[in-house]
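Visitor: curious how this folds, go ahead:
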Amino acid sequence: MATESSMSEEERALLLETVRALVAGKIEPNGRMIDEEARISPEVYRSLVDSGMHASTIPSVYGGGGASVADAVLLVEEVAKGSGAVASILAMNLAGVEAIAASSNEQVKSRLLPEVSRGEKLLVWSADPSESHGGIVASISSEGVLLNGTAHWIPCYEVGAARVVLLEVEIKRGSYLLAVEVDDAKSGQVELGSLESDLGLRGAPLRSVTFQNMLVDQEAMIVAGVPGGRASRALSSVGQIAIAAQANGIGASALSHARSYAAERHQFGVPIMDFESTRTILGTMAVNLEAARQLTYAAADRFDRKDGASTDETLLELSAKWFSSKMAVEVAIDAIQVFGGYGFVKDYPVERLMRDAKMTQLMMGTGQIIAIADAVGKAL
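Guide: Model prediction:
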């Protein structure tokens, strides 16, 4: 995997201080605009690149910082406190980098990872992996892989970076994970569908991507050619963990806004924070959020320490994503309850946080609970 070493406590504290300053100065003030305009500005993206946090786990040999997944999820969580949409850039790159780094194809690693590290290319994958290759017909020859069909729910940021879609396709010889450069089709055509009017995370616009006789060079573009191989597992596993961290950040922001509002809002001459019912709501929000965060950290640490995908490991990742996204939605709804009538107007951020939280629950498929039950059954 891409992991080199985990940071010391001092290094981690310094990193968090840096990212919090960036969130406070560049990201959170633009959160409402990002949502309303459904776009992330190139300036915000460049601030992520300049800080190195946009793809922090890229190994140093390819120009990155070599952070662990456990350290990277802290960055995803912190950025999500300012904007869940901006955090999705980190989440997409995090899973994509781990997939590419797990490949045995040194050519694709040495070519793509430095470009991602410099911010020239951005790795994306389908928000619903069950849909990512369902409409794709792929065939392989001595020239490469020929793609025809449509992949759905692909984030298509317009931040000045070329987009590389990680796409898993089924071919009679097996399952292949491809790195498809949709902005530079050397053969055939790539058509981006219209912008979906998403519920939340609107700065990470989802589109369909249609391939018409697009030829992907076999030597340069195939990341993994083994069914259920390490690269595919890394994309799925780290994708789950990254979205869990994203959900935790959104939930933490909702809790912070609810606490501040409860301290400022007065009823019957006292802050509503003084009411036992309000403190109970806030306390429950805090406990559930902390449980989700610790589960996510445990999943990230397990991924860093183990090479492979045992049943316990898969269960932990699925559980982290399912529980964190569920808690983010519940925490955001409770925050709206604390705000009362002001909770559902756009003058305050909690209605956006609720919509963003719900999107994390839908990403990576909605059937996690089935997968969790299946994993538990195998473990018994």
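Visitor: pLDDT wise, what is M221 at?
Guide: Listed pLDDT for M221 reads 69.
Visitor: can you tell me the closest non-neighbouring residue to E219?
Guide: Leaving aside its chain neighbours, E219 sits nearest to Q107 (6.3 Å; criterion: CB to CB, 6 or more residues apart in numbering). (C-beta placed from N, C-alpha, C; glycine too.)
Visitor: got the phi and psi for that neighbour?
Guide: phi -60, psi -50 (degrees, to the nearest 10).
Visitor: just V216 next, same as before
Guide: Torsion angles, degrees, to the nearest 10, at V216: phi -100, psi 120.
Visitor: distance check, it against A179.
Guide: 8 Å (CB to CB, to the nearest Å).
Visitor: please name every helix or strand in contact with the helix or strand harbouring I140.
Guide: Element membership for I140, per DSSP states H and E: strand 135-141. Identification of packing neighbours for strand 135-141 by 3 or more CB pairs under 8 Å, 6 or more residues apart in numbering; DSSP states H and E yields strand 144-155, strand 162-171.
Visitor: quick revisit: for the residue nearest to E219, grab the count of nearby residues.
Guide: 13 (other CB atoms under 10 Å).
Visitor: so it versus A55, what's the distance?
Guide: Taking CB to CB, one finds Q107 at 19 Å from A55.
Visitor: so after the biggest helix by length in the chain, what's the next helix or strand?
Guide: Under DSSP state H, the helix in the chain containing the largest number of residues is helix 230-264. Heading C-terminal from helix 230-264, the first helix or strand you meet, by DSSP H and E, is strand 266-267.
Visitor: residues contacting stretch 117-124, please?
Guide: The contact list for stretch 117-124, computed with CB atoms under 8 Å, 6 or more residues apart in numbering, reads 45-46, 48-49, 54-55, 58, 62-64, 89, 92-93, 95-97, 100, 112, 115-116, 154-157, 159, 161-166, 179, 181.
Visitor: give the buried residues for that stretch.
Guide: Buried positions in stretch 117-124, judged by neighbour count with 16 or more other CB atoms under 10 Å: S117, G119, K121, L122, L123, V124.
Visitor: for that stretch, how far is the first residue from the last?
Guide: End-to-end distance for stretch 117-124: 14 Å, by CA to CA, to the nearest Å.
Visitor: so how far is that stretch off the chain centroid?
Guide: 14 Å (CA atoms, centre = their mean, to the nearest Å).
Visitor: kindly report the same for stretch 111-130.
Guide: 12 Å.
Visitor: ok, now which ones touch G249?
Guide: Here G249 is in contact with V76, E77, E78, V79, A80, K81, G84, A87 (CB under 8 Å, 6+ apart).
Visitor: widest-spaced pair of the residues you listed?
Guide: For these, the maximum inter-member distance is 11.9 Å, found between E78 and G84 (CB to CB).
Visitor: which one's more surrounded, these two?
Guide: Neighbours were counted for E78 and for G84 using other CB under 10 Å; G84 has more, 32 against 24.
Visitor: need the contact list for the more buried one.
Guide: G84 neighbours (CB under 8 Å, 6+ apart): G200, L201, Q246, G249, I250, L353, D356, A357, M359, T360.
Visitor: before we move on, back to that, among the contacts of G249, which are in helices?
Guide: Using DSSP H, those in helices are V76, E77, E78, V79, A80, K81, G84, A87.
Visitor: what comes up buried for the helix or strand harbouring L177?
Guide: Using DSSP H and E, L177 maps to strand 174-181. For strand 174-181, a neighbour-count test (16+ other CB under 10 Å) marks S175, Y176, L177, L178, A179, V180, E181 as buried.
Visitor: I'd guessed the second one sits against L147; true?
Guide: Yep, that's Y176 we're talking about. No: using CB atoms under 8 Å, Y176 makes no contact with L147, being 10.5 Å away.
Visitor: find residues that contact each of the two.
Guide: What both Y176 and L147 touch, as defined by CB under 8 Å, 6+ apart, is the set A138, V169.
Visitor: ok so, going back, closest to I272 out of the contacts of G249?
Guide: K81 (23.0 Å).
Visitor: how far away is that closest one from D35?
Guide: 15 Å.
Visitor: what do you get for K306?
Guide: In terms of CB to CB, K306 sits 38 Å off from D35.
Visitor: between those two, tell me which one has more neighbours.
Guide: With neighbours defined as other CB under 10 Å, K306 and D35 compare such that D35 has more, 24 against 12.
Visitor: which strand or helix spans that one?
Guide: With DSSP H and E as criterion, D35 is part of helix 31-37.
Visitor: next one: the helix or strand following that helix to chain centre, how far?
Guide: Following helix 31-37 in sequence order, the next helix or strand is helix 42-51 (DSSP H and E). Here helix 42-51 is found 17 Å from its chain centre; the criterion is CA atoms, centre = their mean.
Visitor: going forward, count from 156.
Guide: In the new count, where the first residue is 156, that last one comes out as helix 197-206.
Visitor: who does helix 197-206 touch, helix- and strand-wise?
Guide: Using 3+ CB pairs under 8 Å, 6+ apart, helix 197-206 sits against helix 164-177, helix 239-256.
Visitor: tell me the angle of it relative to helix 239-256?
Guide: 50 degrees (axes from the mean of the first three to the mean of the last three CA atoms, to 10 degrees).
Visitor: for helix 197-206, buried residues please.
Guide: Quick answer for helix 197-206 (16+ other CB under 10 Å): V199, Y200, R201, S202, L203, V204, S206.
Visitor: with stretch 394-401 instead?
Guide: Those would be G394, Q395, I396, A397, I398, A399, A400, Q401, for stretch 394-401 by 16+ other CB under 10 Å.
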